[in-house]
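Q: Give me coordinates for this.
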Amino acid sequence: MLNFGLSEMRLVAPRDGWPNPSAGPAAAGADAVLEHAKVFDTVAEAVADCAHVYATTVRKRGVTKPVYTPDAAAREITTDGARSAILFGPERSGLETDDVALARTIITVPVNPEFASLNLAQAVVLCAYEWSKLAGEALAQPTVEDLLPPAPQEQFEGMFAQLCAMLEPRDYFYPHSRAVATRRTLRTMLTKPGWTHLELRTFRGVLTTLARDLERRK
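A: Reported below is the predicted structural model:
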C-alpha cells in the first residue's frame, strides 16, 4: 500500500487479533500504515462511510454486479471524488459471498486462464499501482545511481577523429569512393549511446592502448 501512496487500512475481525507483533516485520518498514489501521467487527461496519465499494474476487460467486479491471476501477475512483473502499479477502479463502454482496462493483484481474491464482499481496499491488497512476501521487522510479549527462560534442569529435586517424592507414575506409558513407555510418553508430565524458575517456584509453601496441610492433 505505502509503495503507491495508500495509507488507510481497515481490518475486519483479524484472526490473530490487533495489534499483531508479527505485522511489523512483515510490513518491511511501512509502520505508518499499521499504526493508523482501524479494526472493525464486520465488513459492513468497515465500509459504512464509503460511497463506492469494490470487491476483489476471481469469481462472481452467484452475485450479478458490474465487473471492472483494476485500471477501470482506478479511473472511476479518481474521477468520482467520493470515498471508496477496495475489499480484499483472506489469503486462503478470499472474500465470502456475503462480503461480495456488499460491494457495488467487482474487480477482477485479467490473467492466464491456465494459471489464474493471485495471492493477496499481488492483488493489492495491482490495484494500488493502477490507482497511483491516476491519483497524481508523487511517485519516483528508483535508479541504482544518478546518470551522468552526455559529454559535450567537442569531446566526442576528439574521440572520433582519433579513431579515424587509426583506421585510415589500415585501409578501413577502402574503397575511397565509400569513405564518406562509411564515416557517416560509423559516426551514427557511435552517437547513438549518448556517451558520457567518462565513457569517452575510457574508450579513448582503449584506442591509445591499441595504438601503443601497434607502435611497439613496428
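Q: Not including adjacent chain positions, what is the nearest residue to Asp41?
A: Excluding its sequence neighbours, the residue lying closest to Asp41 (C-beta to C-beta, 6 or more residues apart in numbering) is Ala13, at 5.9 Å. Every C-beta, even on glycine, is put in place using the N, C-alpha and C of the backbone.
Q: isn't the one you found right up against Thr42?
A: Yes: counting by C-beta atoms under 8 Å, Thr42 is a contact partner of Ala13 at 7.4 Å.
Q: Touching stretch 70-85 from outside, list them.
A: 10, 46-47, 49-54, 68, 86, 105, 107, 109, 126-127, 129-131, 133-135 (C-beta atoms under 8 Å, 6 or more residues apart in numbering).
Q: ok, now with 7 Å
A: Here stretch 70-85 makes contact (C-beta atoms under 7 Å, 6 or more residues apart in numbering) with 47, 49-54, 105, 107, 109, 126-127, 130-131, 134-135.
Q: Also stretch 161-175?
A: Ala179, Thr182, Arg183, Arg204, Leu207, Ala211.
Q: now do stretch 10-23
A: Leu34, Ala37, Lys38, Val39, Phe40, Asp41, Thr42, Val43, Ala46.
Q: For it, which residues meet the burial criterion?
A: Val12, Ala23 (16 or more other C-beta atoms under 10 Å).
Q: Quote the end-to-end distance of that stretch.
A: 14 Å (C-alpha to C-alpha, to the nearest Å).
Q: Then stretch 35-43?
A: OK, stretch 35-43 end separation, C-alpha to C-alpha: 20 Å.
Q: and if you look at stretch 83-95?
A: 21 Å.
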